[in-house]
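Enquirer: this one's structure only:
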Ligand SMILES: Nc1ncnc2c1ncn2[C@@H]1O[C@H](COP(=O)(O)OP(=O)(O)OP(=O)(O)O)[C@@H](O)[C@H]1O
């Protein structure tokens, strides 16, 4: 059954997936809005690739439903919707003896996309004419990934799935990769990406889901995920020597009247304060008048991810 264009790009409802009596995904529900860059993160074996395969319609859920671009993946007609989807698998394997340009033309034929779009696409991913004319077995890891991205972008897909696409790329390659994705997003493409390099995706995705042992442990924007684990903030203030005593006294006074736990230390003219996020403004009000500089360090996605892991561990310990 198809539906209106107001439906999210992807709607996963109560999905459980079982491989040989093992529940690999358990009651997963997610909505991914059209035009979003969505990050799916989780430990090894959490079920990310399985969820990708379900969203691509390559496998069907044991229970629940997956709707993509307004259509259930279980419908025969989903084969048509697949033409509007690009996919870069975790390990992009192709015919190494063919030239880059030949590989892309082959994928264009398979996808029913005109071959004439290939040259511009190779340029767009940073493979120039000389590179495109070389056999793929002479390519670096970065060039292979660029070719993989080019095949995923064939036909200007409405939806792009990228499974750990920047593994093994150097910083320049990673920046180029995300610049191409940002351009695709600007033209309306919905992007779903997995990565173990959390620092890399934390500034780039709109929304995230954390998968843990097949379940959605958390889902939302990075600030929403941060709120769910309540990690302390770290605030650093550079303070001139003649103001050290005043700063220490002001912090002691704040700690005495605050209900929030507040800890600080001082070394080489720098005060480091640790406090709950809710106390941020009260701490800044004390630091700013006395400091030469103040830097607020929000918890990183990696710390948030590990925080949810610790929460799950604590729940598990409570049950046993
Ligand atoms: N075809 C299959 N048959 C049996 N078990 C499978 C199959 N595919 C995946 N699994 C199992 O499902 C679980 C989830 O695997 P999946 O590849 O989805 O995890 P992942 O989150 O993508 O892991 P990684 O980060 O290591 O790529 C693992 O325990 C895996 O062994």
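Expert: Nice, thanks for sending it over. Computed from a predicted structure; not experimentally measured.

Enquirer: Okay, strands next: where are they in the stretch 201-320 of the chain?
Expert: 207-212, 215-220, 233-238, 263-267, 270-275, 293-297 (DSSP state E, counting those that start in this stretch).

Enquirer: Pick the most deeply packed of these.
Expert: strand 207-212 (a mean of 22; mean count of other C-beta atoms under 10 Å). In short, each C-beta sits where N, CA and C put it, glycine included.

Enquirer: ok so, going back, of the strands of the stretch 201-320 of the chain, which is nearest the ligand?
Expert: Nearest of those to the ligand, taken as C-beta to the nearest ligand atom: strand 207-212 at 6.5 Å.

Enquirer: and this protein, which residues reach the ligand?
Expert: 19, 20, 24, 42, 44, 45, 46, 47, 48, 49, 50 (C-beta under 6 Å from any ligand atom).

Enquirer: Next, count neighbours for the fourth one.
Expert: The local packing count at residue 42 equals 24, with neighbours defined by other C-beta atoms under 10 Å.

Enquirer: who's it bridged to?
Expert: residue 211 (DSSP bridges).

Enquirer: do the first one as well
Expert: On the basis of DSSP bridges, residue 19 takes part in beta bridges with residue 22.

Enquirer: what ranges do the strands span in the stretch 1-150 of the chain?
Expert: For the stretch 1-150 of the chain, applying DSSP E, counting those that start in this stretch gives strands covering 10-19, 22-32, 37-42, 63-68, 71-72, 85-88.

Enquirer: List the buried residues of the first one.
Expert: Neighbour-count burial for strand 10-19 flags 10, 11, 12, 15, 17 (criterion: 16 or more other C-beta atoms under 10 Å).

Enquirer: same deal with the longest one?
Expert: Neighbour-count burial for strand 22-32 flags 23, 24, 25, 26, 28, 30, 31, 32 (criterion: 16+ other C-beta under 10 Å).
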